[in-house]
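Asker: Just to be clear, the model below is a prediction. Sequence and coordinates:
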Amino acid sequence: MNHPQHGDGSSSASSTEQPRPPSGDRMQGLLAAVAVIAEDPSLEAVLRHVVQAACTLVDAGYGALGVIGENGGLSHFITEGLEPDAAKLIGHLPTGHGVLGLLISDPRPLRLPNIRDHPASYGFPKNHPAMRTFLGCPFASVIRSSGTCT
């Protein structure tokens, strides 16, 4: 099945399926993740729980969550599905090039049946696990003061 690429609305004629809402089990998993986040609100813990919940929600073997820093590159990159020793073999974390960079410069959902076929594909470092499909979804957080309580 072909999937729309980068929110452009293009799809094959057979791709008329509508997204299904999360099943009861998946919704329970999402709610459990919210409860866990409330237990440890540190940034690292929250990011880890978000990527774990996302992997569970879409049944992904690997997942990652990148946070864009003030310089426009990735300031945090949290992975899921990799053993710590395997992650160390990969080397340095992504810097925001290739498809990840595309999500930074043009923040729209991106679903690819084969990441290597995308023109922005930058390749993978040595020892990176094999990846074919890709689902990237940018998100934003706005934190601002709305008033005071005295």
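Answerer: All right, it came through fine. Keep in mind the model is a prediction, meaning the values are calculated, not measured. Residues are numbered from 1 along each chain as shown.
Asker: From now on I want contacts and neighbour counts done on CA atoms only, so please keep to that.
Answerer: OK.
Asker: how about low-confidence regions in the chain?
Answerer: Counting by pLDDT under 70, the chain shows low-confidence ranges at 1-23, 33, 37, 141-150.
Asker: which residues of it fall in helices?
Answerer: Assigned by DSSP state H, the helices in the chain fall at 24-39, 43-58, 84-90, 98-105.
Asker: helices or strands next to the second one in the packing?
Answerer: Under the contact definition 3 or more Cα pairs under 8 Å, 6 or more residues apart in numbering; DSSP states H and E, helix 43-58 sits against helix 24-39, strand 63-68, strand 74-80.
Asker: what does the longest one contact?
Answerer: Right, the one you point to is helix 24-39. Defining contact as Cα atoms under 8 Å, 6 or more residues apart in numbering, one finds that helix 24-39 is touched by 45-46, 49-50, 53, 56-57.
Asker: try 6 Å this time
Answerer: Here helix 24-39 makes contact (Cα atoms under 6 Å, 6 or more residues apart in numbering) with 46, 57.
Asker: ditto for stretch 62-78
Answerer: 51, 55, 79-81, 95-96.
Asker: Redo the helices and strands packed on helix 43-58 as CSV? Include distance to Pro113.
Answerer: Conversion of those to CSV gives the following (distance: least, Cα to Cα, whole Å):
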stretch, distance to Pro113
helix 24-39, 23
strand 63-68, 16
strand 74-80, 20
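Asker: Between these, which one is closest to Pro107.
Answerer: Among those, strand 63-68 comes nearest to Pro107, with 11.4 Å by Cα to Cα.
Asker: Direction included, what does the closest one pair up with?
Answerer: Neighbouring strands of strand 63-68 in its sheet, by DSSP bridges, are strand 74-80 (antiparallel).
Asker: Cool, thanks, signing off.
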